[in-house]
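Asker: Can you look at this prediction? I've put the sequence above it.
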Amino acid sequence: MEKKYLISEKRLINLLADYLKLEALENSGVDNWEWYGENFAEMQQLYLYGDRELTEEEQEEIEDYTFHDVARMIIERGEFEVYVDE
């Protein structure tokens, strides 16, 4: 069974707005820009660990993460309330 999460309306609007902005950028060819993705690992580090210094092992691991991996890790940390539909 797929889990469902309760999020605030504000967070939902922000998520949807960010998704729509990304869709627009990608449809405009932003993924073909020379520097596209250059800071992804740095941003993923901020989302997961804040600005603390990473261990060498953590640094190597984060290089392979996708944003889907990061999102799943944030959810697993319990930042969203789980709703079980019975």
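Answerer: Thanks, I have the structure now.

Asker: Tell me the first helix or strand C-terminal of the longest helix along the chain.
Answerer: If you go by DSSP state H, the chain has its longest helix at helix 9-27. Downstream of helix 9-27, the first helix or strand assigned by DSSP states H and E is helix 40-49.

Asker: next helix or strand past that following helix?
Answerer: Later in the chain than helix 40-49, the nearest helix or strand by DSSP H and E is helix 56-62.

Asker: and that next one, how far from the chain's centre?
Answerer: Helix 56-62 sits 17 Å away from the centroid of its parent chain (C-alpha atoms, centre = their mean, to the nearest Å).

Asker: Go through the next helix or strand after that helix and flag the buried ones.
Answerer: As assigned by DSSP H and E, the chain's next helix or strand after helix 56-62 is helix 67-76. For helix 67-76, a neighbour-count test (16 or more other C-beta atoms under 10 Å) marks V70 as buried. Where you see a C-beta, it was placed from the backbone N, CA and C, and this is true even at glycine.

Asker: Restrict helix 67-76 to CA atoms and write it as CSV.
Answerer: Taking Å, rounded to 0.1, in the frame of the first residue of the first chain, the C-alpha atoms of helix 67-76 are listed here in CSV:
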residue,chain,number,x,y,z
PHE,A,67,17.0,14.8,-5.8
HIS,A,68,14.6,11.8,-5.5
ASP,A,69,17.1,10.2,-3.1
VAL,A,70,17.3,13.4,-1.0
ALA,A,71,13.5,13.8,-1.0
ARG,A,72,13.1,10.2,0.2
MET,A,73,15.7,10.7,2.9
ILE,A,74,13.9,13.8,4.2
ILE,A,75,10.6,11.9,4.3
GLU,A,76,12.2,9.0,6.2
